[in-house]
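Engineer: predicted model and sequence below, questions to follow.
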Amino acid sequence: MSASKLDIEFFEAVERVNNSTESFPADFLLRLYAYYKRATNNDDKPSSRRPIINAFKMNALLQTQDISPEGAKEAYIELVNSYFEE
């Protein structure tokens, strides 16, 4: 998949999630969070007011540390598509 096609599909998947009115399961949101942060090269630390949430987010980020930004975009797209197909 070309870089521009991948970027388009990634941002369409992000929009699909952002425009949804569904409540998503916490594990799904954590995976989306980690893939999105990796895909966008955002290395900022989690900044929730609740330490437990920061811990879960940091754990999710650590699980994606060896994934390239392109791989994270592909994983994000696949995760969103599989969720909405169910």
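Structural biologist: Structure received.
Engineer: which SSE is the residue nearest in space to the middle of the chain in?
Structural biologist: Per CA atoms, centre = their mean, the C-alpha nearest to the average position across the chain is that of Leu32, at 2.5 Å. Element membership of Leu32, judged by DSSP states H and E, is helix 26-39.
Engineer: which element follows that helix toward the C-terminus?
Structural biologist: Counting by DSSP H and E, the next helix or strand C-terminal to helix 26-39 is helix 51-63.
Engineer: any buried residues in the helix or strand that that following helix is followed by, and which?
Structural biologist: The helix or strand immediately downstream of helix 51-63 is helix 69-85, counting by DSSP H and E. For helix 69-85, burial by neighbour count (16 or more other CB atoms under 10 Å) applies to 72-77, 79-80, 83. Placement of C-beta: from N, CA and C, glycine included.
Engineer: before we move on, what about stretch 15-35?
Structural biologist: Residues of stretch 15-35 classed as buried by neighbour count (16+ other CB under 10 Å): 17, 30-35.
Engineer: pLDDT (mean, whole number) over that stretch?
Structural biologist: Stretch 15-35 shows a mean pLDDT of 96 in the predicted model.
Engineer: residues contacting Val80?
Structural biologist: For Val80, the contact set (CB atoms under 8 Å, 6 or more residues apart in numbering) comprises 13, 16-17, 32.
Engineer: give me the low-pLDDT residue ranges for this protein?
Structural biologist: Of all residues in the chain, those with pLDDT under 70 make up the ranges 1, 86.
Engineer: let's see it at 90
Structural biologist: By pLDDT under 90, the weakly predicted segments of the chain are 1-3, 43, 45, 86.
Engineer: re the thing from before, now secondary structure and distance to Asp43 too, for the contacts of Val80, in JSON lines please.
Structural biologist: As requested, the contacts of Val80 are arranged in JSON lines below (DSSP: H, G, I helix; E, B strand; the rest coil; distance: CB to CB, whole Å):
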{"residue": "Ala13", "secondary structure": "helix", "distance to Asp43": "21"}
{"residue": "Arg16", "secondary structure": "helix", "distance to Asp43": "25"}
{"residue": "Val17", "secondary structure": "helix", "distance to Asp43": "22"}
{"residue": "Leu32", "secondary structure": "helix", "distance to Asp43": "17"}
